[in-house]
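Asker: Provide a 3D model corresponding to the input given below.
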Amino acid sequence: MTQARAHVPPGARRHDREILALAVPAFGALVAEPLFVMADSAIVGHLGTRQLAGLGVAAALLTTAVSVFVFLAYATTAAVARRVGAGDRQAAIRQGMDGIWLAVVLGTVVAAGVLPTARILVELCGASPTAAPSGATYLRISALGIPAMLIVLAATGVLRGLQDTRTPLYVAVGGFAANAGLNVVLVYGAGLGIAGSAWGTVLAQWAMAAVYLAVVVRGARRHGASLRPDLAGIRACAQAGAPLLIRTLSLRAVLMIATAVAARLGDTDIAAHQIVLSLWSLLAFALDAIAIAGQAIIGRYLGAGDADGARAVCRRMVQWGVVSGVVLGALLVATRPLFIPLFTGDPAVRDTLMPVLLVVALGQPVAGVVFILDGVLMGAGDGTYLAWAMLVVLAVFAPVALLIPGLGGGLMALWWAMTLMMTVRLVTLWIRARSGRWLVTGAVRA
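Answerer: Prediction:
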């Protein structure tokens, strides 16, 4: 053990401590988020394949409606961290408040759009006539929680930028526990079926938003930061987040195309795809924990003018990403027989799942590096490059995936296409990271 540690440079050990201090709590918080959907999948899956298929389409739509605004967390983390690195904590919190107000506006607009169009959206995504009613019910009720979900994103970004990933962990764990308990009570105890699952998620999300707001408001008052909405600040947040919005829309388009293709393969395939996608998201968020630490640390280093430190941290995090990907892939393969029965009792769905999960496991080392480099460039505020890179990825993936049903391919072929997508992302991000053009220092990225 002593000899192994001797081969690790002192600087790397220091970076390891920084990364672990932020990544370990972030891991718990990030894993808790997809567990919301996984809990819904496990509970609803035992209602029947029709309900699980409807949930698969509705959950993908809901996740898209929220995740396209993930810049509320990512851009806020980078901007707040830069201010912290520059020593201006009051300005950091003020910038975070602008992000929260932007979340309130966007969440209200999106919820108002989803509520009356839930059935149309589910059908457009390829839900079968048997699955569409369940999907529409889940999506319509869940839309009421969209403003809370966006508030949670923005407030999480504020705390991460302040180098605090512990509070998001506590809130996420509490929210998951509340969501799981409410779902069991409402779905089975109250007999509400899939509607009960949606109501449980809405209540849990609003409770999380309330806790986050209390924490951020307390911090703002302590440092003398204004709580009032500032139109100029809100507009600046929106402009800074626009490239990341394009990047995220492109990524969500990839996932929605995958879901639409799976839906057209049949109820068994879309049900299996929903489970695989839930597990893939769980692994992605687990790997993203190091990337979240990277956003906060890279932003702080660049805000303090330390480009060399930022580069060294990036290098170390990539090493962590490779190792983490290998470990997670091995765990996924080893535990398949244990967790698949938790999601479905349908033998056809189980048989479809088993080989597809092998493909997902093989792609985890690539995914580990992708999420790390994505987080590093976000922490550096390099959103414009990320937007263009993801548009290239979408242009490669879309035609390949859309040809799968016509060529007689199944769910296995679809997930090989997903692996291709991640490989293209790796190439585009690696080129940028090696160039060093993202190393722009200062309290505000020029």
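Asker: in the chain, which residue is closest to the centre?
Answerer: The centroid of the chain falls nearest to residue 285 when counting by CA atoms, centre = their mean (6.0 Å).
Asker: For the closest residue to that one other than its chain neighbours, give me its contacts.
Answerer: Distances taken as CB to CB, 6 or more residues apart in numbering place residue 30 nearest to residue 285, at 3.8 Å, with adjacent residues excluded. Quick note: C-beta positions are derived from backbone N, CA and C, even for glycine. The neighbours of residue 30, taking CB atoms under 8 Å, 6 or more residues apart in numbering as the test, are 172, 285-286, 288-289, 292.
Asker: Mind checking which of those are in helices?
Answerer: Among the contacts of residue 30, the subset assigned to helices under DSSP state H consists of 172, 285-286, 288-289, 292.
Asker: Just the buried residues of these.
Answerer: Taking 16 or more other CB atoms under 10 Å as the criterion, what is buried in those is 172, 285-286, 288-289, 292.
Asker: Need the residues you listed in CSV (columns: distance to residue 166 and pLDDT).
Answerer: Listed next are these as CSV, based on distance: CB to CB, whole Å; pLDDT from 0 to 100:
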residue, distance to residue 166, pLDDT
172, 11, 85
285, 17, 76
286, 17, 77
288, 17, 82
289, 13, 82
292, 12, 85
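Asker: ok, of those residues, which one's closest to residue 251?
Answerer: residue 288 (12.5 Å; CB to CB).
Asker: Could you measure from that closest one over to residue 214?
Answerer: Distance check for residue 288 against residue 214: by CB to CB, to the nearest Å, it reads 26 Å.
Asker: what's the answer for residue 344, then?
Answerer: Residue 344 is 39 Å from residue 214, by CB to CB.
Asker: Check residue 96 too.
Answerer: For residue 96 relative to residue 214 (CB to CB), the value is 14 Å.
Asker: Which one's more surrounded, these two?
Answerer: More crowded of residue 96 and residue 214, by other CB atoms under 10 Å: residue 96, with 28 against 11.
Asker: Setting aside sequence neighbours, what's the nearest residue to that one?
Answerer: residue 158 (3.3 Å).
Asker: Sticking with that neighbour, tell me its helix or strand.
Answerer: Assigned by DSSP states H and E, residue 158 belongs to helix 146-161.
Asker: before we move on, what about residue 19?
Answerer: Per DSSP H and E: helix 10-45 holds residue 19.
Asker: And the helix or strand that that helix is followed by, what does it pack against?
Answerer: Elements were assigned by DSSP H and E; along the chain past helix 10-45, the next helix or strand is helix 49-67. Applying 3 or more CB pairs under 8 Å, 6 or more residues apart in numbering; DSSP states H and E, we find helix 49-67 packed against helix 10-45, helix 89-114, helix 118-124, helix 132-142, helix 146-161, helix 194-222, helix 231-264, helix 267-303.
Asker: Rounded mean pLDDT for the fourth one, please.
Answerer: What that stands for is helix 132-142. The average pLDDT within helix 132-142 is 85.
Asker: Can you name the residues in contact with it?
Answerer: Residues external to helix 132-142 that are found in contact with it (CB under 8 Å, 6+ apart): 50-51, 53-59, 61-62, 114-115, 118-119, 121-123, 127, 194-195, 197-199, 201-202.
Asker: Which secondary structure state does residue 405 sit in?
Answerer: coil (DSSP: H, G, I helix; E, B strand; the rest coil).
Asker: how much space is there between residue 127 and residue 16?
Answerer: 46 Å.
Asker: the more surrounded of these two?
Answerer: residue 127 (27 against 17).
Asker: In space, what's closest to the more buried one - neighbours in sequence excluded?
Answerer: Counting by CB to CB, 6+ apart, the residue nearest residue 127 is residue 57, at 4.4 Å.
Asker: Could I get the pLDDT score of the one you found?
Answerer: Residue 57 is assigned 80 on the pLDDT scale.
Asker: okay, now it: neighbour count?
Answerer: 32.
Asker: any weak-confidence spans in the stretch 1-150 of the chain?
Answerer: 1-12, 31-38, 46 (pLDDT under 70).
Asker: ok, now with 50
Answerer: 1-7 (pLDDT under 50).
Asker: circling back to that earlier point, now list the buried members of the contacts of helix 132-142.
Answerer: For the contacts of helix 132-142, buried by 16+ other CB under 10 Å: 50-51, 53-59, 61-62, 114, 118-119, 121-123, 127, 194-195, 197-199, 201-202.
Asker: by contact count, what packs against the host helix or strand of residue 326?
Answerer: Applying DSSP H and E as the criterion places residue 326 in helix 307-343. Under the contact definition 3+ CB pairs under 8 Å, 6+ apart, helix 307-343 sits against helix 10-45, helix 267-303, helix 347-362, helix 364-379.
Asker: Buried residues, it. List them.
Answerer: 307, 309-314, 316-321, 324-325, 328-329, 332, 336, 340, 343.
Asker: now that helix, how far from the chain's geometric center?
Answerer: 15 Å (CA atoms, centre = their mean, to the nearest Å).
Asker: pLDDT (mean, whole number) over it?
Answerer: 87.
Asker: quick one: contacts of stretch 307-319?
Answerer: 11-12, 15-16, 18-19, 290-291, 293-294, 297-298, 301-302, 369, 372-373, 375-376, 380, 433, 436, 439, 441.
Asker: Any of those residues buried? List them.
Answerer: Buried among those (16+ other CB under 10 Å): 15-16, 18-19, 290-291, 293-294, 297-298, 301-302, 369, 372-373, 375-376, 380, 433, 439, 441.
Asker: quick one on the thing from earlier: would you check how far apart the residue nearest to residue 96 and residue 375 are?
Answerer: Residue 158 is 17 Å from residue 375, by CB to CB.
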